[in-house]
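Colleague: Turn this into a model:
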Amino acid sequence: MRRISMAEGRVIGFIHSGITVKNLESALDFYVNTLGFELLSTQVANSDYIFDIVEIPGLKEIKIAFVQIPGGQVIELLEYVGIDTYSGSARSCDYGTGHICLMVENLEVMFNELQAKGVQFKSKKVANINAGANKGSKAIYMLDPDGYIIELMEKKLS
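Modeller: Below is the predicted model:
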């Protein structure tokens with residue numbers, strides 16, 4: 001693969017990932033109360049700049065919440081208001097689909113607890129990873145309330 005160098009502009013870090021949700025309150029209940037993320041802030045974006053960024057005709061506003069995963073990474077949850085929205089839920093193999101991977105402890109216990117709370121999983125059971133860079137770890141795919149894929153991984157202790 002050919003690397004393209006740029007004279008001035010370059011990536012220097014990571015700020016956050018974003019997930020579009022159907023209902024911000026439901027999403028916050030899941031990410032904060034079920035998964036234990038920290039709510040950092042909420043806001044309603046309806047300034048001209050937001051419309052310039054997203055370029056969606058008829059958009060009234062975007063309800064936004066920033067949540068922090070234990071360990072420091074930030075996720076932006078966005079509810080688009082004033083327009084028709086549709087599920088982007090797809091199979092994990094479909095391009096344009098994404099997921100986040102969370103490092104967890106006691107994955108088997110967490111899997112059972114989340115199932116008891118009604119959380120939906122793509123995986124039927126915890127997978128023991130027996131090859132590749134994460135050999136010896138365990139993982140599973142679950143879904144947030146809008147069908148976004150979340151991978152839970154228990155890393156092998158070194």
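
Colleague: Next, the buried residues of the lowest-mean-pLDDT helix or strand in the chain.
Modeller: Of all helical and strand segments in the chain, the minimum by mean pLDDT, DSSP states H and E falls on helix 48-54, at a mean of 89. With burial defined by 16 or more other C-beta atoms under 10 Å, the residues of helix 48-54 counted as buried are F51. C-beta coordinates here come from the backbone N, C-alpha and C atoms, glycine included.

Colleague: The most centrally placed residue in the chain: what's it in contact with?
Modeller: By C-alpha atoms, centre = their mean, the chain has its centre lying nearest to I100, at 4.7 Å. The contact partners of I100, taken as C-beta atoms under 8 Å, 6 or more residues apart in numbering, are S17, I19, I75, I149, I150, E151.

Colleague: what sits against the second one?
Modeller: Going by C-beta under 8 Å, 6+ apart, I19 touches A27, I75, E76, L77, L78, I100, D144, D146, Y148.

Colleague: give me the number of residues near the last one?
Modeller: Spelled out, that is Y148. Per other C-beta atoms under 10 Å, the neighbour tally for Y148 reads 21.

Colleague: my guess is I64 meets L78, correct?
Modeller: Yes. Counting by C-beta atoms under 8 Å, I64 does reach L78; the two are 5.5 Å apart.

Colleague: Name the residues contacting each of the two.
Modeller: Counting by C-beta under 8 Å, 6+ apart, the contacts common to I64 and L78 are L24.

Colleague: Now do the same for the residue lying closest to I62 once chain neighbours are set aside: its pLDDT.
Modeller: Nearest residue to I62 in three dimensions, chain neighbours excluded: A45, at 4.5 Å (C-beta to C-beta, 6 or more residues apart in numbering). pLDDT recorded at A45 is 92.
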